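K.L.:
Fold the following.
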Amino acid sequence: MALQETTYSAQPDEREPDAYTVNASCWKIGVSRSTLYQLIAAGQLRSVKIRGRRMIPTTEIKRLVTEGA
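P.N.:
Residues are numbered from 1 along each chain as shown. Alright, predicted model coming up:
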């Protein structure tokens, strides 16, 4: 059986999400979970709770990276 080459194209489903989970946010920003929660508690990073999950809006991640904490 021959291997098929897979190509990927930018589909609407592959766009950046509106919000990230805490773990994904930590990875994107490069901080630990405790540091992320400290930023939230200090009011330096806005988060929302959706169905019991804490989510960080993508705009907040970009703002934090651009402006710094």
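
K.L.:
Now name the helix or strand holding residue 66.
P.N.:
helix 58-67 (DSSP states H and E).

K.L.:
Which positions in that helix come out as buried?
P.N.:
60, 61, 64 (16 or more other Cβ atoms under 10 Å). Glycine gets a C-beta too; all of them are placed from N, C-alpha and C.

K.L.:
could you dump the residues you listed to a markdown table with pLDDT and distance to residue 48?
P.N.:
Below are the buried residues of helix 58-67 laid out as a markdown table (pLDDT from 0 to 100; distance: Cβ to Cβ, whole Å):
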| residue | pLDDT | distance to residue 48 |
| --- | --- | --- |
| 60 | 96 | 9 |
| 61 | 95 | 13 |
| 64 | 93 | 15 |
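
K.L.:
Angles on the backbone of the residue nearest to residue 40 when sequence neighbours are not counted, please.
P.N.:
Excluding its sequence neighbours, the residue lying closest to residue 40 (Cβ to Cβ, 6 or more residues apart in numbering) is residue 47, at 5.1 Å. Dihedral pair for residue 47: phi -140, psi 160, per degrees, to the nearest 10.

K.L.:
do residue 55 as well
P.N.:
Torsion angles, degrees, to the nearest 10, at residue 55: phi -130, psi 150.

K.L.:
Assess the claim that it and residue 17 are in contact.
P.N.:
No - with contact defined as Cβ atoms under 8 Å, residue 55 does not reach residue 17; the gap is 9.1 Å.

K.L.:
okay, the two: which has more neighbours?
P.N.:
residue 55 (19 against 10; other Cβ atoms under 10 Å).

K.L.:
Okay, and the beta partners of that one?
P.N.:
residue 21, residue 48 (DSSP bridges).

K.L.:
any idea how far it is from residue 49?
P.N.:
7 Å (Cβ to Cβ, to the nearest Å).

K.L.:
right, and residue 22 touches residue 48 too?
P.N.:
No - applying Cβ under 8 Å as the test, residue 22 and residue 48 come out as separate, 11.6 Å apart.
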